[in-house]
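Q: Here is a sequence with its predicted model. Questions after.
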Amino acid sequence: MIIVESPGFYTTVQDRGRYGFRHLGVPVAGPMDHQAFDLANALLSHANDSCVFECTLIGPSLILEEEVRFVVTGAPIAILLNGVALVMNNVYCAPKNSKLELGKVLSGMRSYLRLEAELITPVVLKSKSFYVPITSQRSIAKGDVLTYTPRTLIAEKNNAKLRVVDDYISWKSLEVSPGPDWALLTNKQQQLLMDEPHRVEAQNRMGYRLTSSVKVNAPALLSQLVVPGMVQLTPGGKLLLATADCQVTGGYLQVVQLDASSLNSLVQKREGEVLTFRNKHR
Amino acid sequence: MKDYKILMVNTRLYSLHFSEAYKKPLWPIVLELKKLFSAETEITNTFNRINLIFSHDQQKDEVVATVAMLNFGFKAENGPTKIWEIPICFDPIFSNDLADVFSGNQQEIDVYKKGFLATVFTLKMYGFLPGFGYLSGLPKELHLDRKSNPSSLTPKGTVGVGGEQVGVYPQDSPGGWQNLGNCPLPWINFLKEPYVFVAIGDNVRFVEIDLATHKEIALSVVKELYQPNFTGL
């Protein structure tokens, strides 16, 4: 069992996501940073389960009752296992009744804790990813008890070393390509959007809101499909960057879109940070 | 005649954009496209687009070639044969903006309700929230402008009108539409296939209920005893 001593700032359980239900208005969910999620799964694969804990800004403090291996990826975060400091992207084995404490995220926004075990949490619409009201839980809470299957591998030593490239976490410039409504902007507006800096005003798992000084008198548009990575421009000049829990449809101008690695970089940004867009090399 | 063009949004997302001239429903085309693409391909529709969402990168030529196999001469299977009866309660206990919209003029409110209850809607798509269905068919004289300042809380079950669209909020949510009343029926059940009872393309009509009936239906929904009513077309 896992006993949550402290949930951290905002910690959720995420698998790859809830695919196949967008036609019912159901968001995909899943990890915000797919690169960190994939790395955690590559370092510790478990055939039955890809679940991770997605930790935001401050990680949880957990009691792990059974022996289990684990790894932490994504934004650098302070890790203590029974009081001993550990490093990121390394597989460790927690002995029985261990206390695993993830502290503050040092830079970036989101870290991923993966256990080599199957987390027993409700599967709704083929996914365990937290999303209210599809799952009853929004984030883990103090006192929660989660169960997991015993570990499946007994390894003397973990020699699996993957080359970890995590410089994307600190990128200040994100690659974008034109969105479906790019051509509705004037050349001047297009240039301004690409040249000016954009500040992160607010963010959550649904999306990031960035500043911009591009003002458009857009015609009323019919709502269209929105996918993570899409950047919408509101009449008030705000940029809405769709992320994992984004609504499946939206009615604003879809001006540009982030590619997968830029999206992973975006979700590691904090409120107040300043970004620029650059054209994707073709 | 070609009624659509294919937009490549990115290597994993292609949309068939239909011209305004195309007036037929899109859902039968979605069903046909599902036969042409693999099961992992998610196919959704909005008012004027059908979206193909792939799990892997696709070449545009190949997508275009596959879509070209679509035979527009197909006969729509399983067309709508019934009109779902959706209960709506206008009791003032529920969020209601009609008094504001018509400055308290009861006669105008009654005319509006009558017109609303006489309308047969078509479910065009789900979006915005899980199980939020966009209903079209509201006559022009019943269109209501969206609120200039969205309210921070629109309660679950609220029946709202936004411009020409009508929808029922499946959960508490911020909302900018004008609220008419409340529907005690959940539109989506995450635990049970087919998850929604109103399919895309189905017809819907609202039926007025009083507060006692609203409570009764809400209770039978909790007990999982309620079956939505329908009439034949």
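A: Nice, thanks for sending it over.

Q: Give me the buried positions along stretch A:266-276.
A: In terms of neighbour count (16 or more other C-beta atoms under 10 Å in any protein chain shown), stretch A:266-276 has its buried residues at A:Leu266, A:Val267, A:Gln268, A:Lys269, A:Glu273, A:Leu275. For every residue, glycine as well, the C-beta is placed using N, CA and C.

Q: B:Glu108 should be in a helix, yeah?
A: Yes: counting by DSSP: H, G, I helix; E, B strand; the rest coil, B:Glu108 is part of a helix.

Q: How about it, nearest residue that isn't a chain neighbour?
A: B:Phe102 (4.2 Å; C-beta to C-beta, 6 or more residues apart in numbering or on different chains).

Q: what does B:Leu98 give?
A: Using C-beta to C-beta, 6+ apart, the closest residue to B:Leu98 is B:Ile109 (4.8 Å).

Q: how close does the residue of chain B found nearest chain A get to B:Gln227?
A: The nearest approach of chain B to chain A comes at B:Gly127, 3.2 Å away (C-beta to the nearest C-beta). In this view, B:Gly127 and B:Gln227 are 26 Å apart by C-beta to C-beta, to the nearest Å.

Q: Which of the two has more residues huddled nearby?
A: More crowded of B:Gly127 and B:Gln227, by other C-beta atoms under 10 Å in any protein chain shown: B:Gly127, with 27 against 7.

Q: so the more buried one sits right up against A:Gln247, yeah?
A: Yes: in this structure B:Gly127 lies within contact range of A:Gln247 using C-beta atoms under 8 Å: 7.0 Å.

Q: which neighbours do the two share?
A: A:Gly25 (C-beta atoms under 8 Å, 6 or more residues apart in numbering or on different chains).

Q: interface residues of the stretch 151-282 of chain A facing chain B?
A: With the criterion set to C-beta under 8 Å from any C-beta of the partner chain, the stretch 151-282 of chain A comes near chain B through A:177, A:179-180, A:222-225, A:227, A:229, A:247-249, A:257, A:259.

Q: Show me what counts as buried in stretch B:22-31.
A: So for stretch B:22-31, counting by 16+ other C-beta under 10 Å, buried means B:Pro25, B:Leu26, B:Trp27, B:Pro28, B:Ile29, B:Val30, B:Leu31.

Q: give me the low-pLDDT residue ranges for chain B?
A: B:1, B:73-80, B:233 (pLDDT under 70).

Q: Then the stretch 1-150 of chain A?
A: Using pLDDT under 70, the stretch 1-150 of chain A drops low at A:150.

Q: go with 50
A: Within the stretch 1-150 of chain A, no stretch has pLDDT under 50.

Q: Setting aside sequence neighbours, what's the nearest residue to the residue of the stretch 151-282 of chain A found nearest chain B?
A: Here the stretch 151-282 of chain A gets closest to chain B at one residue, A:Thr249, 3.2 Å apart by C-beta to the nearest C-beta. Computed as C-beta to C-beta, 6+ apart, the closest residue to A:Thr249 that is not its neighbour in sequence is B:Gly127, at 3.2 Å.

Q: Also A:Thr147?
A: A:Ile120 (4.4 Å).

Q: OK, contacts around the one you found?
A: Taking C-beta under 8 Å, 6+ apart, one finds A:Leu146, A:Thr147, A:Tyr148, A:Thr149 in contact with A:Ile120.

Q: would a markdown table of the buried residues of stretch B:22-31 with distance to A:Lys215 and secondary structure be doable?
A: Shown next, in a markdown table, are these (distance: C-beta to C-beta, whole Å; DSSP: H, G, I helix; E, B strand; the rest coil):
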| residue | distance to A:Lys215 | secondary structure |
| --- | --- | --- |
| B:Pro25 | 37 | coil |
| B:Leu26 | 33 | coil |
| B:Trp27 | 37 | helix |
| B:Pro28 | 41 | helix |
| B:Ile29 | 37 | helix |
| B:Val30 | 37 | helix |
| B:Leu31 | 42 | helix |
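
Q: Domain map for the chain?
A: Chain wasn't specified; assuming chain A. A:2-150, A:171-279 (automatic domain parsing).

Q: let's do chain B instead
A: B:4-67, B:82-232.

Q: Against A:Val28, how distant is B:Phe37?
A: B:Phe37 is 18 Å from A:Val28, by C-beta to C-beta.

Q: what about these two, which has more around it?
A: Neighbour count, other C-beta under 10 Å: between B:Phe37 and A:Val28, A:Val28 has more, with 22 against 16.

Q: helix, strand or coil for the more buried one?
A: Under three-state DSSP, A:Val28 comes out as coil.

Q: Do I have it right that it meets A:Arg16?
A: No: judged on C-beta under 8 Å, A:Val28 makes no contact with A:Arg16 at a distance of 9.1 Å.

Q: How about the secondary structure of the most far-flung residue of chain B relative to its centre?
A: Ranked by distance from the centre of chain B (C-alpha atoms, centre = their mean), the top residue is B:Asp61, with 32.7 Å. The three-state label given to B:Asp61 by three-state DSSP is helix.

Q: Understood, closing this out.
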